[in-house]
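Quick one, structure for this:
(chains A, B and C, ligands or ions: 1)
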Amino acid sequence: MSETNYLDGNAAAGSLSELFAVDLTSAIAQCNGCGRTSVFAEAHVFVDAPGMVARCPGCDSVLLRVVTRPNDTYLDLRGLTYLRVPNS
Amino acid sequence: MGIVSPGFTGRRRGGTELPPGQYLTRDFPVLSAGPTPHVLPEHWEFTVTSETGEVYRWDWAALMALPAEEITKDIHCVTRWSKLETTWKGVSLDTLLADVETGADYVMAHSYGGYTTNVPMDDLLDGQSWIAYEYDGEPLDPEHGGPARLLVPHLYFWKSAKWVRGLVLSDTEDLGFWETAGYHEYGDPWKEQRYAGD
Amino acid sequence: MWQVATVTGVRRETETARTIELEVPDWPGHVAGQHLDVRLTAPDGYRASRSYSIASAWTASHSSTIELTVEQVPRGEVSPYLVDVLNVGDPLEIRGPVGGWFVWKPEQDGPVQLIGGGSGVVPLRAMLRAHASAGSTTPFRLLYSVRRPESVIYVSDLKELASSDDVDVRLVYTRDAPAGEPRVGRIDADVISEHAFKPGDGATTYVCGPTPFVETVADLLVAAGHDPARVRTERFGPTGGP
Ligand SMILES: [Zn+2]
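Now for the predicted structure:
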């Protein structure tokens, strides 16, 4: 059964722009779960939740979590082996 | 910083019976941090693992054979919606844990799909929590956690783990999916314990 | 990073969609396909935010003007405000532009295939506008899936854009077609093979729409032999929860 309750990495761009000086949607991300590499824009992003959760499009493992609190933001990158960002 | 958006009220806020910072909704918003697992009742299993490693198992038929209760409770989501007098049917955790030998103070609920949330044992007993499998007189829809979800309505609703498949009992407190990302380890809506440190 | 824009114009596109023109004093410019976040605040401090594609191309002559086109989501919270309540002269808090993947730049190589479902046409329209304002001769094709003729947004704009020799616009009707258009149905393998660039054409394809639409179209493209690395997707809805 196909799941349609997610967006993609583009939907995370606004929140991530608060944390990173570079655009992460065009970064290459490697999943720590299955080793797949993909453009972060292709991650499956769940926004209808207490925080934002980006998952691997291959294995659904969590790649990244962002929880925006009133005075600070939690960023969990445990699910990523690496992010490869183009030099500007 | 910020401005007020002229004419914007957001969803209608409720009366005084709501916990602080909550607003009333008539819908039942679907929140999910991952794809919806589709677990057929015939493949469903629920386990309780005690602090000594002993595993207790129930399949769907065993769950159905247990005495069920009709539950009417208000629910409060940390994303600020509350829904009043929701009706459920399920099996009390008092019933499920009755024959489990344990002195554990802490429980981690695990779900199909990998979600976890931590709840103190004291908050699961004495008629405070259920494994719910019907909502509003109908089998619980997968998007709302079916075939069965944990229901702990006196805490923020992220504690009521959808697609629950087991409880792991422990002498020490570990943190679950949202609790490790800045949400409160307990989550009492009346004390507005949204975030760790609140 | 949030800043306050001012509404300088509104334009009804369909019964449920409206284009909002904003003046943003410190707008840094944007690339076609980028989006921004909008944040609304109630008098008691309650807040809600959503992400919207920018509908306009950035031009040096109107460097602080941008357009958003918003489709009202049934039982939504932010979109009904933007479509029905917000007035000319009102302030609107925004953050952006953001996103660097689902974008088209005039210096980019190869033809461009755009495939939009419903209001997924919004960032594609920005790309078409950028193509026109840059005077680009890159071949562009747009496949635009809509329910019925009344659901088409940018009707006159698309007509004007389609008058260029380099731009081909093809509408696909899923519920009711206008007189003279016999086909009613979703985009399928036949539509792709008949109207889209071929796998060997070296085109970059941009697909935007609701998640199920994007999944279906992306699968059709890959099944037809298109290189997945040249298919860029952007999904929207059901965004933002209650
Ligand atoms: Zn993976």
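
What segments of the chain are helices?
I'll assume chain A. A:13-17 (DSSP state H).

that's the other chain; I wanted chain C
Under DSSP H, chain C gives helices at C:79-80, C:121-133, C:155-162, C:189-195, C:211-223.

Check those helices for me and report the most buried one.
Greatest average neighbour count among those goes to helix C:121-133 (a mean of 25), per mean count of other Cβ atoms under 10 Å in any protein chain shown. In this view, the C-beta of every residue, glycine as well, is placed from N, C-alpha and C.

who does it touch, helix- and strand-wise?
For helix C:121-133, the packing partners by 3 or more Cβ pairs under 8 Å, 6 or more residues apart in numbering or on different chains; DSSP states H and E come out as strand C:47-53, strand C:65-71, strand C:112-117, strand C:140-146, helix C:155-162, strand C:167-173, strand C:204-210.

and of these, who's closest to residue C:101?
strand C:204-210 (10.2 Å; Cβ to Cβ).

hmm, that closest one in reach of chain B?
No - using Cβ under 8 Å from any Cβ of the partner chain, strand C:204-210 stays clear of chain B, coming no nearer than 15.6 Å.

between that strand and helix C:211-223, how big is the angle?
Angle between the axes of strand C:204-210 and helix C:211-223 is 150 degrees (criterion: axes from the mean of the first three to the mean of the last three Cα atoms, to 10 degrees).

neighbouring strands for the longest strand along chain A, and are they parallel or not?
In chain A, with assignment by DSSP state E, the single longest strand is strand A:62-68. Strand A:62-68 sits in its sheet next to strand A:52-55 (antiparallel), strand A:73-76 (antiparallel), going by DSSP bridges.

Near chain A, which residues of chain C are found?
So far as Cβ under 8 Å from any Cβ goes, chain C lies against chain A at C:1, C:35-37, C:49, C:51, C:95-96, C:98-102, C:210-212, C:215, C:232-241.

Find the centremost residue of the chain, please.
Defaulting to chain A. The centre of chain A sits closest to residue A:54, judged by Cα atoms, centre = their mean, with a distance of 3.9 Å.

Please apply the same query to chain B.
residue B:160 (0.5 Å).

Does that one touch residue B:148 like I think?
No - shown here, residue B:160 and residue B:148 do not form a contact pair, counting by Cβ atoms under 8 Å, at 11.3 Å.

burial of residue B:159, as a residue count?
For residue B:159, the neighbour count with other Cβ atoms under 10 Å in any protein chain shown is 26.

Look up the closest residue to it, ignoring the ones flanking it.
residue B:152 (4.8 Å; Cβ to Cβ, 6 or more residues apart in numbering or on different chains).

Among the residues of chain C next to chain A, which ones are in strands?
Short answer: those in strands (DSSP E) are C:35-37, C:49, C:51, C:95-96, C:98, C:210, C:232-236.

And the residue of chain C positioned farthest from its centre, how far from residue B:8?
The C-alpha centroid of chain C is most remote from residue C:44, which lies 33.2 Å away (Cα atoms, centre = their mean). Per Cβ to Cβ, to the nearest Å, residue C:44 is found 11 Å from residue B:8.

next one: residue C:75
Taking Cβ to Cβ, one finds residue C:75 at 16 Å from residue B:8.

Name the residues of chain B found near chain C, please.
Residues of chain B lying near chain C (Cβ under 8 Å from any Cβ): B:1-11, B:13, B:23, B:25, B:27, B:29, B:31, B:79-81.

do that again at 10 Å, thanks
By Cβ under 10 Å from any Cβ of the partner chain, the residues of chain B that approach chain C are B:1-11, B:13, B:21, B:23, B:25-31, B:77, B:79-81.

Check whether the lowest-mean-pLDDT helix or strand in chain B comes near chain A.
Within chain B, no helix or strand scores below strand B:23-24, which has a mean of 86 by mean pLDDT, DSSP states H and E. No - applying Cβ under 10 Å from any Cβ, one finds strand B:23-24 separated from chain A by no less than 15.8 Å.

Return the list of strands paired to that strand, each annotated with direction.
Applying DSSP bridges, one finds strand B:23-24 paired with strand B:81-92 (parallel).

mean confidence score for the partner strand?
Average pLDDT, strand B:81-92: 95.

same deal with stretch B:174-194?
97.

just stretch B:62-69 next, same as before
97.

Show me what it is in contact with.
Applying Cβ atoms under 10 Å, 6 or more residues apart in numbering or on different chains, the external contacts of stretch B:62-69 come out as B:41, B:44-46, B:58-59, B:88-92, B:94-96, B:98, B:127, B:130-134, B:147-148.

buried sites along stretch B:144-153?
B:144, B:145, B:146, B:147, B:148, B:149, B:150, B:151, B:152, B:153 (16 or more other Cβ atoms under 10 Å in any protein chain shown).

Please list all residues in contact with the residue nearest to the third one when sequence neighbours are not counted.
The spatial neighbour of residue B:146 that comes closest, neighbours along the chain excluded (Cβ to Cβ, 6+ apart), is residue B:140 at 3.5 Å. For residue B:140, the set of contacting residues under the criterion of Cβ under 10 Å, 6+ apart consists of B:88-90, B:132-134, B:146-149, B:151, B:162-163.

before we move on, what about residue C:222?
C:199, C:228, C:231.

Redo the residues you listed as CSV? Include pLDDT and distance to the ion.
As requested, the contacts of residue C:222 are exported to CSV (pLDDT from 0 to 100; distance: Cβ to the ion, whole Å):
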residue, pLDDT, distance to the ion
C:199, 95, 27
C:228, 92, 16
C:231, 95, 20
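
Can you say which of those residues are buried?
Buried residues within the contacts of residue C:222, counting neighbours by 16+ other Cβ under 10 Å: residue C:231.

Closest one to residue C:70 out of the contacts of residue C:222, please.
residue C:231 (26.2 Å).

Contacts only, for that closest one.
By Cβ under 10 Å, 6+ apart, the contact list for residue C:231 reads A:42, C:113, C:115, C:203-207, C:214, C:217-218, C:221-222.

any idea how far the residue of chain B found nearest chain C lies from residue C:210?
In chain B, no residue comes nearer to chain C than residue B:29, which is 3.8 Å away by Cβ to the nearest Cβ. Residue B:29 is 18 Å from residue C:210, where distance means Cβ to Cβ.

Name every strand pairing with the lengthiest strand in chain C and say which way it goes.
Longest strand in chain C, counting residues (DSSP E): strand C:3-12. Its sheet considered, strand C:3-12 pairs with strand C:17-23 (antiparallel), strand C:91-98 (antiparallel) by DSSP bridges.

got the angle between the last one and strand C:65-71?
Which is strand C:91-98. Using the same axes, to 10 degrees: strand C:91-98 against strand C:65-71 is 100 degrees.

May I see the buried residues of strand C:91-98?
For strand C:91-98, by 16+ other Cβ under 10 Å, it's C:92, C:93, C:94, C:95, C:96, C:97, C:98.

and the fourth one, what does it touch?
Okay, so that is residue C:95. By Cβ under 10 Å, 6+ apart, the residues touching residue C:95 are A:13-15, A:17-18, C:1-3, C:36-39, C:49, C:51.

can you rerun that using 7 Å?
A:14, C:1, C:2, C:36, C:37 (Cβ atoms under 7 Å, 6 or more residues apart in numbering or on different chains).

and which of those is nearest residue C:193?
residue C:36 (35.8 Å).

sorry, back to before: relative to the ion, which of the contacts of residue C:95 is nearest.
residue A:14 (24.1 Å; Cβ to the ion).

Wait, the closest one touches residue C:98, no?
Yes - counting by Cβ atoms under 7 Å, residue C:98 is a contact partner of residue A:14 at 5.0 Å.

circling back: I would like the residues contacting the longest strand of chain A, please.
A:15, A:29, A:31, A:43, A:50-56, A:73-77, A:79-80, B:181-183.

For the nearest residue to residue B:158 once chain neighbours are set aside, give me its contacts.
The shortest distance from residue B:158 to any non-neighbouring residue, by Cβ to Cβ, 6+ apart, is to residue B:178 (5.3 Å). With contacts defined as Cβ under 7 Å, 6+ apart, the neighbours of residue B:178 are A:50, A:51, B:117, B:158.
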